[in-house]
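Trainee: I'll drop the sequence and a predicted model, then ask my questions.
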Amino acid sequence: MSTATSTPTLIESKFTSTLTTDSSKTKFCSNLTTYYDNTHIRIFKEGIYNFLINSTIDVGVHLYKNYFDDNILDENLLFTHYTGCDLSQMKFSVNLESNEKYDLVITTSAILPNTIYSYSVVSSGPTNVSFNHMSKYYCIFM
C-alpha cells in the first residue's frame, strides 16, 4: 500500500514600485540620509511566506509588525537585511500571522538626482498577499 504526500499549493503575489530623491527620508544607519518606500502587507492565512526582492539598486529590506515609525526604527522590527555588495536580488522567508498588519520598507542611500530606481516584490505562501503602497503625506498648518 502506498501513501501519497501532497505538496501544499503556494499562491504568488506581485508588487512593483520605485525609489527616487522624492521618496520619504530617514536615517537608518551611520547618519546617512536614507530614502525609503513603505508598503502595508496583509495576509489572510497564517504560514510561511517567501519574499523575493529584485531591484535596480542596492536596497535594504525591513519588515515591521503592526506599523513602521521612521522616528523609532527598531520598534516592531521583525526582519532586516541589506543586499549590499552590488546585489540587486534577495530572498527571505518569514512566518506571518493571519489578519495582522505588516509594513515592508525598502531603503537605499545610493540615489542619484533625477533617477528612478525600480524594485519588485514577489511573494509566495499559503494564500495571496495584499500589498497597499503608502503615499507620502504632507501636513500644512495655517
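Mentor: Noted; the coordinates are in hand. This is a predicted model, so every value here is computed, not measured.

Trainee: Report the beta-bridge partner residues of the residue nearest to residue 10 when sequence neighbours are not counted.
Mentor: Of all residues not flanking residue 10 in the chain, residue 124 sits nearest, at 4.2 Å (CB to CB, 6 or more residues apart in numbering). Quick note: C-beta positions are derived from backbone N, CA and C, even for glycine. Residue 124 forms beta bridges with residue 12, residue 50, as assigned by DSSP bridges.

Trainee: which residues sit in contact with residue 124?
Mentor: 10-13, 49-50 (CB atoms under 8 Å, 6 or more residues apart in numbering).

Trainee: Quick one: which of those has the lowest pLDDT value?
Mentor: Among the contacts of residue 124, residue 10 has the lowest pLDDT, at 86.

Trainee: May I have the residues that are in contact with the residue sitting nearest the centre point of the chain?
Mentor: When CA atoms, centre = their mean is applied to the chain, the residue found nearest the centroid is residue 104 (3.0 Å). Contacts for residue 104 (CB under 8 Å, 6+ apart) come out as 38-39, 41, 51, 61-63, 121, 131.
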